[in-house]
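Colleague: give the three-dimensional model of this entry:
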Amino acid sequence: MISRRYLLTMAGAALATAAVAGCEPNPKSKTAKRETVSLVLDWVPNTNHSGLYVARSKGYFEEENVDFEIVEPATGGGPQVVAAGQADFGIDFQEFMTPARAEGVPVVSVAAVIQHNTSGFASLKSKGVARPRDLEGLTYGGFGSPLETALLQTMMEADGGDFSKLSTVDAGAADFLTIIQRDVDLYWIFFGWQGVKAELERIEIDTLFVKDWGVPDYYTPLIITSETMIAEKPDLVTRTMKAISRGYEDAIADPAGAAEILLEAAPETDADLVGPSQAWLSPRYQADAPQWGYQAADVWQTMSEWMASNGLVEGVIDWQDAYTNDFLPSR
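Modeller: Predicted structure coming up:
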């Protein structure tokens, strides 16, 4: 789904149908000036992004007097692009936005795309990895980032394992299913894409989800915008997020329809994978949150503190200012 190489490089460089029916167009949008808004993706189109394409396809942006452009990153997206005004919104990740905020990049998360962390470290079932301490003696193929080290060490130590007994090699942005059958024992994946693909290809894997073993649950991915956008065009942010919210609510209610819209917009995407991936991911967009996109204070606080305690940032960031729910539709 997403190139971890790309994401780690960028970080280092810096509900139901009834609910949808109840989303009436913003009355202000009828008189608001029509404006163009751009959003830069983190990588190629995939099911993390389905709500954006659904909202665009169904005319929700037009109802809010917004012309919405989805841009695939040329050499990189992320907080720096949005902060510089090269895109109005972007897709990013709490584990990468946090270091950016620590370095003074003025971006704010305005929605959590997925309510709980669906990433994990996967291995072939034949390796017998049922829990993190089972990683002793195995080899992890990664990108050589401090974040990976901190995640794996925390997970293994939370289970009484010895992190020094896990070997790591630089595997880069390899094909997950190829590399774990040939070169390494363990690889970091988003289950909604690579894990579902393994199931489709009948390759049995075990996945240690990051949130289950000592690491705070965190939001990955996010929709971000700039502090400047919020200060100067709050109504435009509100109208844009109302349309996006409706798109994700539709993707929750109708996974098959959302998959069709994504494939129509991005026909180069793996057609066999999109449907099953969407079916797996759609109920996880909102999960147990009061509405799609909602972000909880304790998630931002605990992850910010964990990153600081593991030396990933110099100190705990101003996490209260790093996110807001103010632009989600009122319920």
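
Colleague: so what are the sheet partners of the helix or strand containing G90 and their directions?
Modeller: Secondary structure from DSSP states H and E places G90 in strand 89-92. The sheet places strand 89-92 alongside strand 35-40 (parallel), strand 222-226 (antiparallel), with pairing taken from DSSP bridges.

Colleague: next, the buried residues of that strand.
Modeller: Buried residues in strand 89-92, counted by 16 or more other CB atoms under 10 Å: 89-92. C-beta here means a position set from N, CA and C on the backbone, and glycine is covered the same way.

Colleague: do the same with stretch 174-189
Modeller: Within stretch 174-189, the residues that qualify as buried are 174, 176-177, 179-180, 184-189, counting by 16+ other CB under 10 Å.

Colleague: F143: which of those residues is nearest?
Modeller: W188 (8.3 Å; CB to CB).

Colleague: how far does whichever strand or helix holds that closest one sit from the chain's center?
Modeller: Per DSSP H and E, W188 falls inside strand 187-190. Put simply, strand 187-190 sits 13 Å off its chain's centre (CA atoms, centre = their mean, to the nearest Å).

Colleague: tell me the mean pLDDT over the next helix or strand along the chain from that strand?
Modeller: Scanning forward in sequence from strand 187-190 by DSSP H and E, the next helix or strand is helix 196-200. Taken as a whole, helix 196-200 carries a mean pLDDT of 97.

Colleague: quick one: distance of helix 196-200 to the chain centre.
Modeller: Counting by CA atoms, centre = their mean, helix 196-200 comes out at 19 Å from the chain centroid.

Colleague: what does that helix contact?
Modeller: The contact list for helix 196-200 (CB atoms under 8 Å, 6 or more residues apart in numbering) reads 122, 176-177, 204-205, 270, 272-273, 276-277, 280.

Colleague: any idea which helix or strand of the chain has the worst average confidence?
Modeller: Every helix and strand of the chain was ranked by mean pLDDT, DSSP states H and E. The lowest is helix 17-21, at a mean of 31.

Colleague: report the spatially nearest residue to P45, omitting neighbours in sequence.
Modeller: Nearest in space to P45, with sequence neighbours left out and distances taken as CB to CB, 6 or more residues apart in numbering, is A266 at 3.8 Å.
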